[in-house]
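A.B. asks: what follows is a predicted structure for the sequence shown.
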Amino acid sequence: MMTVFEKMEFCAANALNQEDAAFSRILALLGDDNWRVRHAAAVSLGDRRDPRAVDALVETLNRENDAPLFNQPKLEGGAHAGSAAVFDVIFPPGTTEETKEVWRRRGRLIQSACLALGNIGTATPDVLALLNDYALDQGRDYAVRAAACKALGQLARPESLAVLEKAAKDEEWCTSREAQKAIGKIRALA
């Protein structure tokens, strides 16, 4: 039996392995109980750019949409992204370890699945619907919104322009910037 780390390493080591056995194993790991393994599998599938992974990634996003996600609380005087400032997250008394782990997961898996779908480049109606929703959902972490905008830019579908124009007005810089870049890509192709 493989450890969590070994499963993650398998995904990373086989991301560009085009053998069907490796693809099938990574696809199976996308359903692993551990979110870190699912994250590694999604990243690997995005690197592979195999359209056969689209349905499984959409299914993963739908499962994540049904799971409780605890966004990072707004921190007064917090540090900018990338800062090395130390801060403690204070959970309410009685918070279970399971809930803390869900908080750690936040939108990371959704972010990696969005980016994988953008890399694969297959714009099914389900893919576009999910990405469009994520791009504008203020209840999601900014990283999810920004990843959705980036993926929409990679897909470069004109029907996403209206969503991206709204996302370009997001007060969070990364989301706004990714939306602006996506708009530029789509307009350049028109």
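C.D. replies: Looks like it arrived, so ask away. The structure presented is a predicted model; accordingly, all values stated were derived computationally and were not measured.

A.B. asks: break this structure down into its domains, please.
C.D. replies: As assigned by automatic domain parsing, the chain contains the domains 1-68+97-105, 123-190.

A.B. asks: and the longest one, average pLDDT?
C.D. replies: Mean pLDDT, taken over the full extent of domain 1-68+97-105, equals 94.

A.B. asks: so how far does it reach from one end to the other?
C.D. replies: 24 Å (CA to CA, to the nearest Å).

A.B. asks: quick one: contacts for the spatially most central residue of the chain?
C.D. replies: Geometric centre of the chain, nearest residue: Gln111, 1.3 Å, by CA atoms, centre = their mean. Shown in contact with Gln111 (CB atoms under 8 Å, 6 or more residues apart in numbering): Asp141, Ala143, Val144, Ala147. Every C-beta, even on glycine, is put in place using the N, C-alpha and C of the backbone.

A.B. asks: in space, what's closest to it - neighbours in sequence excluded?
C.D. replies: Excluding the flanking residues, the one nearest Gln111 by CB to CB, 6 or more residues apart in numbering is Ala147, at 4.3 Å.

A.B. asks: what sits against Arg48?
C.D. replies: Ala15, Leu16, Gln18, Phe23, Ile26.

A.B. asks: hmm, 6 Å instead?
C.D. replies: The contact partners of Arg48, by CB atoms under 6 Å, 6 or more residues apart in numbering, come to none.
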